[in-house]
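**Student:** Mind looking at a prediction? Sequence and model below.
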Amino acid sequence: MHKKIKGDPHKNKRFQRLVNGNGQFAKRRREKLVLDILKNMWRRGIKYQMDEPAYTVDKHVPIIQDYLNERWPNEYRLSIFGQRGRMRPMWKGTNRARQEICLFLKNGHYSPIRFISNLFGAPYCMECESTYGNSIDHRAKCVSILGKMNKF
């Protein structure tokens, strides 16, 4: 998984070490992260079963999003896309965040989407949930940008 954290090279380096690290330290950090998520599931009354056939979007993904919100407020938002060929995600976190974590669900397996524009063959706006051709024209029409302007 290759995700670049904008604006903070130190955070980016730590994240890359966590995700891609082969050493014992990185492995322990990943295990701790998974255990924290599992504890969060237990707190919310969802029992983790080792033999569960699939982890559903409706049941499990919101719990992981809640955990990300608690641990790193306003930092990450999950978006799940599926095989149906639709532009809109099957599930998307409600709050905007600095980083988008996009996953593609196929046959019960979640794969990271490295570049969302490669999935659709054109630049993609997570707020509008659509592709666009010209970024200048898109900025003039984008609901998220217009929404920010109307708040002032």
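**Tutor:** That came through, no problem.

**Student:** Residues touching stretch 55-62, excluding its own?
**Tutor:** 41, 46, 78, 80, 90-91, 105, 108, 110 (C-beta atoms under 8 Å, 6 or more residues apart in numbering). (Each C-beta comes from the backbone N, C-alpha and C, glycine too.)

**Student:** min pLDDT across those residues, which one?
**Tutor:** Among the contacts of stretch 55-62, residue 46 carries the lowest pLDDT, at 66.

**Student:** Give me the distance between residue 26 and residue 33.
**Tutor:** 11 Å (C-beta to C-beta, to the nearest Å).

**Student:** Tell me where the longest strand sits in the chain.
**Tutor:** If you go by DSSP state E, the chain has its longest strand at strand 99-106.

**Student:** after it comes which helix or strand?
**Tutor:** Later in the chain than strand 99-106, the nearest helix or strand by DSSP states H and E is strand 109-112.

**Student:** in its sheet, what does that next one sit against?
**Tutor:** Counting by DSSP bridges, the strands paired with strand 109-112 are strand 99-106 (antiparallel).

**Student:** Check the offset of the partner strand from the chain's centre.
**Tutor:** Distance of strand 99-106 from its chain centroid, counting by C-alpha atoms, centre = their mean, to the nearest Å, is 5 Å.
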